[in-house]
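# Provided below for reference: sequence and predicted model.
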Amino acid sequence: MPPGMQIAGAWSWRILAILAVIAVFIWLVVTLERIVVPFLIGIVITALLAPLSAWLQHHGVPKWASVVVSILAAIAAVVGLIWLVVNQISAAYPSLARRTVEQYANIKQLLLDSGIGISQRDFVTWSNDIGKWLQTHSGSVLSGVATAGSSATRVFEGLFIVLFTTIFLLVDGKRVWRWIVVLFPRGARSAIDGAGVAGWSTLTSFIRVQIFVAFVDAVGIGAGVFFSGVPLAIPIAVVVFLGSFVPVVGAIVTGVLAVFVALLFNGWVIALVVLGIVLLVQQIEGHLLQPLVMGSAVRVHPLAVVLGVAAASGLAGIAGAFFAVPLIATLNTMVTTVASGRWRRLDSQHVEAGIRSERQRHKHHDEDDPLSDEPDFAI
């Protein structure tokens, strides 16, 4: 057997083994998505709230109070945004319905006068076809309504998982991480701990920077829509803020929504102005914020981001697109930390001492109160 073939074979079976492990992991994630997705959301929320909880503890607030205040602040922010959007849309709904009917009539008349061969009979035929389709598929529509209850149950289950994951990671995250480190061989614990600390730092930095970038996008597009005289500026800004967390796709969808609302209420001239504002804000984000701000927190090549988002969205839909970039960034940092040997800077004896201390606590049933005043948050 030629040496080249031996080397190729050795590489091939190892690569196939790695791909098999990755495939099994992806299959487990997709199969257990009702648990995995809320758990990952809880980790992301923990990465967002951990600095606030630590800051409160550093200023003398007890751990239990800092955790409660952090979680209540997050819930209040989400509820406030939802109330603001619902209130704005409810107030504008009569005008929205009227303008939709008027724009439909205008578009219909424009098509009739365009000379491309569309007649009034064609519109009647299309309306009848839509009515027949709804009658034919009414069973599936009703079944979808019937399953809404189970979908609501799944949502509440997911919210409970998110809440409890966030609470326990904020309260006892370091101890959970030490337990994970103990599962590995003694010689690998320092590398695993160093990779975990580096990955957690990258994740927290990414979340903070992503919130800042999303806020800039929302303020820029929302202010442009408001000063252009387009209604629903606040709901559009909130949608832009949330959509900014989904790379590539979020910017396109929220931009189309803003232009559509402008076209519906203000005509095509203002719609073009809003389109220009959206493109300008996206250019500022892509050429200024992303390289200067995001690049310092997440050092991942744009090609890896695009391919990762495409692959993750194909496997897990919107959830995959949302988690793709933070997962890629965190794994990249962890692998780089292990490969470069930066983990050796950590005091391995300190790590082992911490692990032995945890074992003694469990052995003598003399563990610290998880709600103690020690500023002990995730990783």
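All right, it came through fine.

# so which residues of the chain form helices?
Secondary structure of the chain, counting by DSSP state H: helices at 3-31, 33-58, 63-112, 120-136, 138-146, 148-182, 189-227, 233-243, 249-266, 268-284, 295-297, 302-340, 348-363.

# and those, which one is worst for confidence?
Here the helices of the chain differ in mean pLDDT, and the lowest is helix 138-146 at a mean of 49.

# what's around Val155, how many residues?
11 (other C-beta atoms under 10 Å). (C-beta placed from N, C-alpha, C; glycine too.)

# quick one, which of the helices of the chain is packed in tightest?
Between the helices of the chain, helix 233-243 has the highest mean count of neighbours, a mean of 21, where neighbours are mean count of other C-beta atoms under 10 Å.

# center of this structure - which residue?
By C-alpha atoms, centre = their mean, the mean C-alpha position of the chain lies nearest to Phe322, the distance being 3.7 Å.

# gap between the two ends of stretch 25-41?
Its start and end residues considered, stretch 25-41 measures 18 Å (C-alpha to C-alpha, to the nearest Å).

# quick one: contacts of that stretch?
Arg154, Glu157, Gly158, Leu159, Ile161, Val162, Thr165, Leu315, Ala316, Ala319, Phe323 (C-beta atoms under 8 Å, 6 or more residues apart in numbering).

# let's see that with 10 Å instead.
Stretch 25-41 has contacts (C-beta atoms under 10 Å, 6 or more residues apart in numbering) with 154-155, 157-166, 169, 311-312, 315-320, 322-323, 326-327.

# quick check: the residue nearest to the centre of the chain touching Gly308?
No: look at Phe322 against Gly308 with C-beta atoms under 10 Å: they stay out of range, at 11.8 Å.

# circling back: now the residue nearest to the centre of the chain: closest residue in space, sequence neighbours ignored.
If the residues on either side of it in the chain are set aside, Phe322 comes closest to Val246, at 5.5 Å by C-beta to C-beta, 6 or more residues apart in numbering.

# that neighbour and Val309: what is the separation?
8 Å (C-beta to C-beta, to the nearest Å).

# also Pro3?
Separation of Pro3 from Val309 (C-beta to C-beta) stands at 40 Å.

# please apply the same query to Val274.
Note on Val274: its distance to Val309, by C-beta to C-beta, is 26 Å.

# Ala65 now?
The separation that Ala65 has from Val309, given C-beta to C-beta, amounts to 39 Å.

# check Leu242 too.
For Leu242, the distance to Val309 equals 16 Å [C-beta to C-beta].

# just Val209 next, same as before
For Val209, the distance to Val309 (C-beta to C-beta) stands at 17 Å.

# pull the contacting residues for Leu280.
Applying C-beta under 10 Å, 6+ apart to Leu280 gives the contacts Gly220, Ile221, Gly224.

# contacts only, for the last one.
With contacts taken as C-beta under 10 Å, 6+ apart, Gly224 has the following neighbours: 230, 233, 236-237, 258, 262, 273-274, 276-278, 280-281.

# and of the residues you listed, the nearest to Ile43?
If you rank these by distance to Ile43 using C-beta to C-beta, Ala237 comes first, at 27.1 Å.

# confirm for me that that closest one is in contact with Phe226.
Yes: under the criterion of C-beta under 10 Å, Ala237 makes contact with Phe226 at 8.4 Å.

# residues in contact with Phe227?
The contact partners of Phe227, taken as C-beta under 10 Å, 6+ apart, are Ala233, Val273, Ile277.

# the first one and Gln210: what is the separation?
Distance of Ala233 to Gln210, given as C-beta to C-beta: 23 Å.
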